[in-house]
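K.L.:
Sequence and predicted structure below; questions after.
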Amino acid sequence: MLRSAAWPGRLGNRGRAALAGRRILNDTPPRPIGRTATISFEGETPVAQDADFVQHEAKGEVHVLRLANPPVNTLRTEIRAGLMNGLNKAKAAGAKAVVLIGSGRMFSAGAEMTEFGKPRQPPSLTEVFDAIEGYPGIVVAAIHGSALGGGLELALACHARVAGAGAQVGLPEVKRGFVPGAGGTQRLPRMIGAEEAAKIIVSGDPVPAVKAQKLGIIDAVIDGDLEEGAVAWAKANLSKTFTLARNRTDKIEGQDPAAYDAVIAGLLRRTRGQESPKGCAEAVRAAFTMPFEEGLAKERELFQSLVSGEQSKALRHIFFGEREVLRIPGQPADAKSLPVERLVVIGGGTMGGGIAMSAANNGVPVTIVETSEEALKKGLARCHANWERTVSTGRLSQEEYEKRKALLTGSTDFEGTVAKADLVIEAVFENMDVKKEVFARLDKAARPGVPLASNTSTLSIDEIASATQRPELVVGMHFFSPANVMRLLENVRGAKSSWATIATATEFGKRIGKLPVLVGNCDGFVGNRMTGKRTPQVEKLLLEGCLPQDIDKVMEGYGMAMGPLATGDLAGLDIGAAVRKARGTVAPVADAIVAQGRFGQKTGKGWYMYDEKRTRLVDPEVEKIILDVAEKMQVRRRKISDEEILERLLLPMVNEGARILEEGVAYRPIDIDVIFINGFGWPAFRGGPMFWADSIGLKAVRDKLAHYAELTNDANLKPAALIEKLAAEGGSFAGMSAKANA
């Protein structure tokens, strides 16, 4: 018996199987052009290759159906048809059990989202599930990797489920803006109870196999070869009577609606205006208030309503965008990343420590270099304390903590440590003179061919690279704070950065769990440059009639985790004041606040005042400061609507985003949206600033910008040339992305 090298017991790339001595049945319908069935032979045994979306093998009284739509076995039309054909043939052959298993790296990631919005070809998932539930024997789902969304719904329709020890299951549809649409909200509550099901469905978070077994989702966790184990388990349980999930009532009988509502209230507390979590809660409620078929109808009604809504479109826009940003236009196919076995981080402060933790978290040996033993001990202790807090919450095992701790070392020997590095990331103070001095030393200490990266958030990568004799090996790697938590990595290409260097930054970022987006070199790059254009409007709104709580209420109502004033208090208002001083700019209201010693949370007072628990409280003294500044500047205050506040904060960022696209600093509008979703707290269900602009139409964006430019006498709000062009053509930012990807 030959096994795929990709994964023992499952098919490898594109569903290949080398299964000598076994009978392989082709159960798929005629293939579309471009994917045709090919049969080769090993001795007397026909072996299906490449084209089979579902492969069928008879193992005596148990038949195996293998999903073969790599890499994640989405349930496209051909998979559904193959499952129907396979079940029918197994039934005709008298098979007493059927095992469903995935090829490649997982069981199934669920629905094929590219089929959304298109006429659905038969058979539907419902028809497949009816065939499974009506099978005259048992159908067992064997789960490795992940069973997510429709993949888990497929497994829930089976008579039983077994899984590998490292598998996970989940219903993440809420994160795409809709509810599970193939019975997940009805079958799962009947298996594990409404409250436990709601926790899984409303959060969308996956559940490990061991926990899933305890909950009652999984019947058995199998060590070793999953396919062999699943077949053996099916044979051992042929005589057992299984109750289908749809027929179970024991877990939902007597469900207290008030208790359910209390659980839901806690789950929805942080969803901030997103519609799909509420829809999921409503669908699960139907599981214990309606008969099964009525519950399915309610689920489908909610699914159809949400999937056609703007929030779901936004979430799917980001879902596909996060994959698109990894495809860099113009990058040669032969551009290879350089090997990185050891990382060195210069600086053990908050950012340097977070970067080092990200590396150790993902199995990369890393050394922090500091200027003194005292600073080094402090930096390492901060990393250890972060991990220890995670251990105390149960989200990290002591064993894993010890592994990560062993991968993180420190040194004060700059030259000796750098000489051993395969990649160096500098994370020192944000000052050009300091960074150039560090890079000059790095250039001399690092081996030839080793890339040097700067964690700068605003400074010119080209000027930093000028301090070296290897500008082609210098790149920006802008992490976001806290670096061990935030997913975004804004990689910055310098004028001379080589493709190998860019590829290294991209691949290493992915390796340590980040989402790398490549941008061009300019002041503030993409994210900080765009948010910087919002700041003057915040100042003007405060002068013209708003208070901090008015602005933050609107932005948090839009879905931001924190409004801009509260965020300023968290970051430290003195930092912004120092930047303004260095640039020779002023912000009359913000400067007056800082002049009173109000630096934010660290001093207990900023735009707000804070109690001992750092609870945000409105401070009448702030209103007095604002009114005094407005009076001195002779600004007549007025009532400003929430709509105007929102538009005046978002439109300047969209306008600057258009300029960034004009300049080629960002390749595509989707790059900008992905940056804001993953690095700046933009709510994913809003799709990002460029998606928001498209949603109201670029003609409206152009007209509103022109209106506010005149109203506020702010030339920066004059519509960018790209917006003028697209508005005149009836175009959109999404259309630009489509052309860039063509």
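P.N.:
Good, I have the coordinates. Since the structure is predicted, the reported quantities are computational estimates derived from the model, not experimental observations. Numbering: from 1, shown residues only.
K.L.:
tell me the strands in the stretch 1-150 of the chain, going along the chain?
P.N.:
Per DSSP state E, counting those that start in this stretch, the stretch 1-150 of the chain carries strands over the ranges 24-26, 38-42, 45-49, 54-59, 62-67, 97-102, 138-143, 146-148.
K.L.:
mean pLDDT for those strands: which is lowest?
P.N.:
Mean pLDDT is lowest for strand 38-42 out of the strands of the stretch 1-150 of the chain, coming in at a mean of 27.
K.L.:
Next, P451: phi, psi?
P.N.:
Note on P451: its backbone torsions stand at phi -70, psi 150 [degrees, to the nearest 10].
K.L.:
For P564, which non-adjacent residue is closest in space?
P.N.:
V538 (5.6 Å; Cβ to Cβ, 6 or more residues apart in numbering). C-beta coordinates here come from the backbone N, C-alpha and C atoms, glycine included.
K.L.:
Hmm, the one you found is touching L565, no?
P.N.:
Yes: shown here, V538 and L565 form a contact pair, counting by Cβ atoms under 8 Å, at 7.3 Å.
K.L.:
that's a helix at V594, yeah?
P.N.:
Yes: under DSSP: H, G, I helix; E, B strand; the rest coil, V594 sits within a helix.
K.L.:
If we ignore the residues flanking it in sequence, what's nearest it?
P.N.:
For V594, the spatially nearest residue (Cβ to Cβ, 6+ apart) is A577, at 4.5 Å.
K.L.:
Pull the distance from the helix or strand containing that neighbour to the chain's centre.
P.N.:
Using DSSP states H and E, A577 maps to helix 573-583. From the chain centre to the centre of helix 573-583 is a distance of 32 Å (Cα atoms, centre = their mean, to the nearest Å).
K.L.:
now swap in stretch 76-95 and tell me
P.N.:
Relative to the centre of its chain, stretch 76-95 is centred 35 Å away, using Cα atoms, centre = their mean.
K.L.:
Now do that stretch: everything it contacts.
P.N.:
Here stretch 76-95 makes contact (Cβ atoms under 8 Å, 6 or more residues apart in numbering) with 25, 27-29, 31, 52-54, 56, 58, 61-63, 65, 67, 69, 73, 98, 100, 112, 115, 121-125, 127-128, 131-132, 135-137, 139.
K.L.:
try stretch 259-277
P.N.:
Contacts of stretch 259-277 (Cβ under 8 Å, 6+ apart): 173-179, 194-195, 198-199, 202-203, 278, 281, 285, 288, 306, 309, 311-312, 315, 556-561, 683, 685.
K.L.:
Which parts of it count as buried, going by neighbours?
P.N.:
By neighbour count on 16 or more other Cβ atoms under 10 Å, the buried set for stretch 259-277 is 260, 263-264, 267, 271, 274-277.
K.L.:
Turn those into CSV, including pLDDT and secondary structure.
P.N.:
As requested, the buried residues of stretch 259-277 are arranged in CSV below (pLDDT from 0 to 100; DSSP: H, G, I helix; E, B strand; the rest coil):
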residue, pLDDT, secondary structure
Y260, 97, helix
V263, 96, helix
I264, 96, helix
L267, 95, helix
T271, 85, coil
Q274, 93, coil
E275, 96, coil
S276, 97, helix
P277, 97, helix
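K.L.:
Out of those, which is nearest to P471?
P.N.:
Distances from P471 to these, taken as Cβ to Cβ, are shortest for Q274 (44.8 Å).
K.L.:
Which neighbouring elements make contact with the strand or helix carrying the residue nearest to P564?
P.N.:
Using DSSP H and E, the element containing V538 is helix 535-544. Using 3 or more Cβ pairs under 8 Å, 6 or more residues apart in numbering; DSSP states H and E, the elements in contact with helix 535-544 are helix 548-558, helix 564-571, helix 588-595, helix 620-632, helix 642-663.
K.L.:
Does T468 touch F439 like I think?
P.N.:
Yes: at 5.4 Å, T468 and F439 qualify as touching, with contact defined as Cβ under 8 Å.
K.L.:
Compare those two and say which is more crowded by neighbours.
P.N.:
Using other Cβ atoms under 10 Å, the more surrounded residue of T468 and F439 is F439, with 25 against 19.
K.L.:
what number of residues lie near the closest residue to the more buried one other than its chain neighbours?
P.N.:
In space, and not counting its chain neighbours, F439 is closest to A467: 4.3 Å by Cβ to Cβ, 6+ apart. Residues within reach of A467, counting by other Cβ under 10 Å, total 20.
K.L.:
Which of the three states applies to A467?
P.N.:
Using three-state DSSP, the structure places A467 in coil.
K.L.:
wait, it sits on V434?
P.N.:
No: counting by Cβ under 8 Å, A467 stays clear of V434, with 10.9 Å between them.
K.L.:
ok, and what's touching the one helix or strand I318 maps to?
P.N.:
Using DSSP H and E, I318 falls within helix 310-324. For helix 310-324, the external contacting residues (Cβ under 8 Å, 6+ apart) are 113, 116, 175-178, 274-276, 306, 515, 668, 670-671, 673-674, 677-678, 684-688, 691, 695, 734, 737, 741.
K.L.:
Please repeat the previous calculation with a cut-off of 7 Å.
P.N.:
113, 175-178, 274-276, 306, 515, 670, 673-674, 677, 684-688, 691, 695, 741 (Cβ atoms under 7 Å, 6 or more residues apart in numbering).
K.L.:
Repeat that for stretch 722-734.
P.N.:
Taking Cβ under 7 Å, 6+ apart as the rule, stretch 722-734 contacts 655, 658, 661-662, 669, 690, 693-694, 698-699, 701-702.
K.L.:
buried sites along that stretch?
P.N.:
For stretch 722-734, using 16+ other Cβ under 10 Å, the buried residues are 722-724, 726-727, 731-734.
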